[in-house]
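Enquirer: Prediction below, plus the sequence it came from.
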Amino acid sequence: MNAKFTAILAAWLFIAPAILFAQVTKDSAKALKPATVTAHRPLVEQLTDRTVINVDALISAAGSTVLDLLGMSPGVQADVNGDIRLQGKSGVKIYIDDKPTYLSGEDLANYLRSLPSSSIDRIELMPNPPAKYDAAGNGGVINIRTKRIREKGFNGNANLAYIQGRYGRTNNSLNGNYRRDKLNIAANLGYTRFSNFNDISLNRYFDQSITGISPDFTQTAFIRRRSQSYNARLSIDYYSSKATTAGLVLSGLLSPGNNHTTNTSRLSDLQGHPDSFIVADNHDRRRFENIGINGNYRHVFDRKGRELTVDLDYLTYQTRLDQQFVNTSFYPNGILYDSSLSTGHLPATIRIESAKTDYAQPLPGGIRLNTGLKTSYTRTDNLASYFNIADQMPQPDYDKTNHFIYRENINAAYINAAKDFSRLSLQLGLRFENTIARGHQLGNAVKPDSSFNRSYNGLFPTFFVLYKLDSSGKQQLSFNYGRRLNRPYYADLNPFLSPLDKFTFNIGNPFLLPTYSNNFELSYTIKNITARLYYTYISDKIDGLVQIINGYYYSQPGNLGNTYVKGFEIDAGFDPAKWLNLHLYTRFFAQRTVSGFYTGTLDTKGDEYFIRPILTVRPGRDWTLQMDGYYQSRMTSEQFVDAPKKAVNIALSKKLSANATLKLTVSDIFYTVSNSWTIDHLNGAEADYRSVNDSRNVVLFFSYHFGKAITGLRKHETNGAQREQDRVRN
């Protein structure tokens, strides 16, 4: 399989430069000829302050979830645990229709897995978003735009998908719209049944002269994941006049699920002989709920562009997690010598209230001025009740039991001005944010109460300039700069211990400070080819600090120090023939982190090469064939060294009629997707990890559009109010 993958990738790497040379030569020879307009939306569009991915052009995403879709998008990396990177940088904030998801880590992964990709129209990638967006997100913002039915009248579309890997699953959506007179009603329904697994191996090796611990400790685990998701969205717009619209948006998500983990840990003695082994049988039952209410108002004062919008939002997220840990210990000969049972009950609630207003005002000289105010209030309530069961009697485990309440108020104001000249475009913005935070850790029978209060202000400038090197605009040179921050995740501020298994624990840190970044980017575009140079300096970067103490694995977030990121990327699309398109994204990325560490000064350097080619062939009328894949090289980042990753996908699409489309896709054909890494800088120890999941799948997808359009009606789209950062962490 490895040889086949290498051969295919090598062929792509050979073909891509040849097509690039041929295309540039062809364009030069035909520079004076008129452009040909095609009916297909390009996969990638480059705008002044963002890159747009048109989802319908990526047919291999058919039947996938939004999390899968992000991982297939050029410039984006996303794994099953919700780690999402843009231009190789972490700290990315996820928005849906200009609204933040408020989630991170496993909670974010579960949420994005509950949304079908068939409901998504486009993805906006903003490594340096403009001032109207919140300053949070050192890695930038990814804004996911859902589909809006463009035709007026009663119409909609239905999307059905069945996915078969080792386990079967399904992913479906139904969208409808009705417009009559001054009233417009739109509804979206989705159902997802998810079934997957993780096959994990984790090895720890100890230097007995330093730690006094047996030299080898290995774990193998199999995690079986099952869940269902039901999501719904209802939006109502009332057009009281040609200039004024009021709207109401109601959304909800319900996702119950469970995980079953079987884990075997093997310990050896000083001579490397088996000493004992522990079998764990763990169960998690999770229920996730989200309810959102948005009221919005829009008034256009005149045709010159004066406009006022107001948004009021209320959101709640509720998670209920019940855990059961059963650990049984045996001697090498299989004789039982210990058994333990413990349980955990972890309900969590997040409530968010927000008010925002934006005003647009054209000024003399063609200047476009935008300004706005926003205030948001967030309250999180996390309860963790752990018990050790002895003789069927529960005894509280006060080392892990805790109750953490966090309140946060963010107040913001921004101003943004833009002007276009004949060849020059300028945009300048400034955002001010004030943060007031209070955390309260309630005590228990053995640990006292603790609390903290924190308040800080920040100014966040943004600057964009674009210059057209020729009158047609085919060649462009642009530069942008922005300052951003990352606030600590809510759960990371909770100082108590949270177990993943008997030997692995997470610990929060109430002393975490926000981290700031300065981002610079220079790009050159010639037709459909864009090359970028970027540089980011991050101060007080927050990341996990991993220690092994007495054989136990502890992960605690901390302000690591300063990180320096530099990279070069190329995003190119070519049409060597009407029936053939090649899109090529490639990136070289280098990172250095310098910080104090528990083992001494940490100074790590790492670089990464990434390539994602997408080849689209239209062999005949209404047929489309697409092959895509990626290769990511080895990468060092602080303590972690990630092994290379790679995959190849193929998809076939057939338009059955004007309203119906059938697609067949195969993902990860050679079953090469895995997450593997080693952990360095552990005092007297080494560790490595490998995880494989159900990544090779066959997907059958059917889409049908129904209804009749009514012409002559005015178009309106409701914009979201909230732009809060996703900071909820599992």
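Expert: Happy to help now that I have it. Residues are numbered from 1 along each chain as shown.
Enquirer: Which element, helix or strand, includes the closest residue to L312 other than its chain neighbours?
Expert: Leaving out its chain neighbours, the residue that sits closest to L312 by CB to CB, 6 or more residues apart in numbering is G295, at 4.6 Å. Quick note: C-beta positions are derived from backbone N, CA and C, even for glycine. Assigned by DSSP states H and E, G295 belongs to strand 274-300.
Enquirer: Could you do I389 as well?
Expert: strand 367-390.
Enquirer: How far does whichever helix or strand comes after that strand sit from its chain's centre?
Expert: Using DSSP H and E, the helix or strand that follows strand 367-390 in sequence is strand 393-396. Here the centre of strand 393-396 is set off from its chain's centre by 39 Å, with CA atoms, centre = their mean, to the nearest Å.
Enquirer: and what of stretch 671-685?
Expert: Its chain's average C-alpha position is 22 Å from that of stretch 671-685, according to CA atoms, centre = their mean.
Enquirer: Need the contact partners of it.
Expert: Contact partners of stretch 671-685, identified using CB atoms under 8 Å, 6 or more residues apart in numbering, comprise 1-2, 5, 79-80, 204-207, 209-211, 546-548, 597-599, 602, 604, 639-643, 645-648, 686-693, 695-696.
Enquirer: Please spell out which residues along that stretch are buried.
Expert: In terms of neighbour count (16 or more other CB atoms under 10 Å), stretch 671-685 has its buried residues at T672, V673, S674, N675, S676, W677, T678, I679, D680, H681, L682, A685.
Enquirer: okay, how far is it across it, tip to tip?
Expert: 32 Å (CA to CA, to the nearest Å).
Enquirer: Give me the contacts around stretch 323-337.
Expert: 273-284, 338-346, 499, 501-502.
Enquirer: Weed out the non-buried ones from those residues.
Expert: Of the contacts of stretch 323-337, these count as buried by 16+ other CB under 10 Å: 275-278, 280, 282, 284, 341-344, 346, 499, 501-502.
Enquirer: Tell me the one among the residues you listed nearest to L103.
Expert: Nearest to L103 among those: L346, at 15.7 Å, using CB to CB.
Enquirer: Hmm, that closest one is touching T401, no?
Expert: No - with contact defined as CB atoms under 8 Å, L346 does not count as touching T401 (10.3 Å).
Enquirer: Now do the shared contacts for those two.
Expert: Between them, L346 and T401 share the contacting residues A384, S385, judged by CB under 8 Å, 6+ apart.
Enquirer: State the distance from the residue positioned nearest the centre of the chain to D391.
Expert: Closest residue to the average C-alpha location of the chain: I84 at 4.1 Å, with CA atoms, centre = their mean. Distance of I84 to D391, computed by CB to CB, to the nearest Å: 46 Å.
Enquirer: Can you pull out the low-pLDDT segments for the stretch 401-550 of the chain?
Expert: By pLDDT under 70, the stretch 401-550 of the chain has no low-scoring segment.
Enquirer: At which residues are the helices of it located?
Expert: With helices called from DSSP state H, counting those that start in this stretch, the stretch 401-550 of the chain shows none.
Enquirer: Tell me the neighbouring strands of the strand holding G295, and mark each as parallel or antiparallel.
Expert: In the sheet, strand 274-300 lines up against strand 244-268 (antiparallel), strand 307-330 (antiparallel) (DSSP bridges).
Enquirer: so which of those strands gets nearest E45?
Expert: Across the strands paired with strand 274-300, closest to E45 is strand 307-330 (CB to CB), at 24.4 Å.
Enquirer: which parts of that closest one are buried?
Expert: 307, 309-313, 315, 317, 319, 321, 323, 325, 327, 329.
Enquirer: What I need now is the residues you listed written out in CSV, including distance to N258 for each item.
Expert: Putting the buried residues of strand 307-330 into CSV (distance: CB to CB, whole Å) gives the following:
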residue, distance to N258
E307, 48
T309, 42
V310, 42
D311, 37
L312, 36
D313, 31
L315, 25
Y317, 19
T319, 14
L321, 10
Q323, 11
F325, 15
N327, 19
S329, 26
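Enquirer: what's the closest of the residues you listed to P488?
Expert: Distances from P488 to these, taken by CB to CB, are shortest for Y317, at 17.8 Å.
Enquirer: Got the confidence number for that closest one?
Expert: The model reports Y317 with a pLDDT of 90.
Enquirer: How about the one 10 residues further on?
Expert: At N327, the pLDDT value in this model is 92.
Enquirer: From A687, how far out is it?
Expert: Separation of N327 from A687 (CB to CB) stands at 20 Å.
Enquirer: and what of N296?
Expert: 50 Å.
Enquirer: do the same with D216
Expert: D216 is 11 Å from A687, where distance means CB to CB.
Enquirer: Give me the common contacts of the two.
Expert: Contact criterion CB under 8 Å, 6+ apart; residues shared by D216 and A687: N203, R204, Y205.
Enquirer: quick check, nearest of these to Y537?
Expert: Closest to Y537, out of all of the shared contacts of D216 and A687 and judged by CB to CB, is R204, at 34.5 Å.
Enquirer: how about the nearest residue to T636, chain neighbours excluded?
Expert: In space, T636 is closest to G606, 2.9 Å off (CB to CB, 6+ apart).
Enquirer: For the one you found, which residues count as its bridge partners?
Expert: Beta-bridge partners recorded for G606 (DSSP bridges): Q591.
Enquirer: Settle this for me: it is touching Q591, isn't it.
Expert: Yes - G606 lies in contact with Q591 (CB under 8 Å); the separation is 5.5 Å.
Enquirer: These two - which one has more neighbours?
Expert: Shown here are G606 and Q591; by other CB atoms under 10 Å, Q591 has more neighbours (22 against 17).
Enquirer: distance of that one from E638?
Expert: 9 Å.
Enquirer: just E521 next, same as before
Expert: Separation of E521 from E638 (CB to CB): 24 Å.
Enquirer: If you count surrounding residues, which of those two has more?
Expert: Set E521 next to E638 and count neighbours by other CB under 10 Å: E638 wins out with 23 against 20.
Enquirer: For the more buried one, which non-adjacent residue is closest in space?
Expert: Spatial nearest neighbour of E638, chain neighbours left out: T593 (5.2 Å); criterion: CB to CB, 6+ apart.
Enquirer: So the one you found lies in a helix, does it not?
Expert: No - with DSSP: H, G, I helix; E, B strand; the rest coil as the criterion, T593 is located in strand rather than a helix.
Enquirer: need the contact list for it.
Expert: T593 makes contacts with K541, L560, G561, N562, T563, Y564, L602, D603, T604, S637, E638, as judged by CB under 8 Å, 6+ apart.
Enquirer: Same check on T601?
Expert: Residues near T601 by CB under 8 Å, 6+ apart: V594, S595.
Enquirer: Now do the phi/psi pair for it.
Expert: phi -70, psi 130 (degrees, to the nearest 10).
Enquirer: Distance of the closest residue to G508 other than its chain neighbours relative to F404?
Expert: Excluding its sequence neighbours, the residue lying closest to G508 (CB to CB, 6+ apart) is N494, at 3.9 Å. Using CB to CB, N494 is found at 4 Å from F404.
Enquirer: pretty sure S376 is touching E433, no?
Expert: No - S376 lies out of contact with E433 (CB under 8 Å); the separation is 10.5 Å.
Enquirer: Now for those two: what residues contact both?
Expert: Residues touching both S376 and E433 by CB under 8 Å, 6+ apart: I410.
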